[in-house]
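A.B. asks: heads up, no residue letters with this:
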């Protein structure tokens, strides 16, 4: 640019069509892959499909955009200000998916009313560090009616997309028999990988293996 500063081109085709991926990657830096995203679990669950569809089109300088994070107090400009209808577990799932997929992060909330719970979701430096990994290496490796797993480098996110709490054996799921413990980036706790780990309904664990 003449001013000497970089310019980011963000498109909102709503939603982007996968058959035009080459066009977006060639001419834009980020492009929205969904219609307007609001605080509904069905929309969040559908985003797993959209991220899987676009996972091979994430690259340095080219980022499929999952849309804004509807956390905290939202809807003011639409005449319906309210606290996000997503539960804390659902918001943690959303933040985890956006970060491991490396979607641009934009907050759709009233900044003057952010609470500590919302800030804890937005400001976890170990979770945000996923953006420092090489772009495009995160992939969905497992999907069934209960569990979806994404992996990138030494990190793995295990999502419970069912409506019930579930138990998983991390060693078996990720085929990491040689490891006994993994670090949970959200809680800072060590999880024993060869034992059953509980994941709340619509919740997740984000692990450094």
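C.D. replies: Nice, I can see it. Bear in mind the structure is a predicted one, so any value in this text is a computation, not a measurement.
A.B. asks: what's the closest non-adjacent residue to residue 58?
C.D. replies: Leaving aside its sequence neighbours, residue 58 sits nearest to residue 136 (C-beta to C-beta, 6 or more residues apart in numbering; 4.3 Å). Just so you know, the C-beta spots here come from the backbone N, C-alpha and C atoms, and that holds for glycine as well.
A.B. asks: The one you found: what's it in contact with?
C.D. replies: Residue 136 makes contact with 56, 58, 59, 60, 102, according to C-beta atoms under 8 Å, 6 or more residues apart in numbering.
A.B. asks: what about residue 158, is that helix, strand or coil?
C.D. replies: Judged by DSSP: H, G, I helix; E, B strand; the rest coil, the three-state class of residue 158 is strand.
A.B. asks: Now that it has come up, it's in contact with residue 205, right?
C.D. replies: Yes - under the criterion of C-beta atoms under 8 Å, residue 158 makes contact with residue 205 at 5.2 Å.
A.B. asks: Could you pull up phi and psi at the residue nearest to residue 58?
C.D. replies: Dihedral angles of residue 136 (phi, psi; degrees, to the nearest 10) stand at phi 90, psi 0.
A.B. asks: What spatial separation is found between it and residue 41?
C.D. replies: Going from residue 136 to residue 41 by C-beta to C-beta, to the nearest Å gives 28 Å.
A.B. asks: One more: residue 64?
C.D. replies: Residue 64 is 21 Å from residue 41, by C-beta to C-beta.
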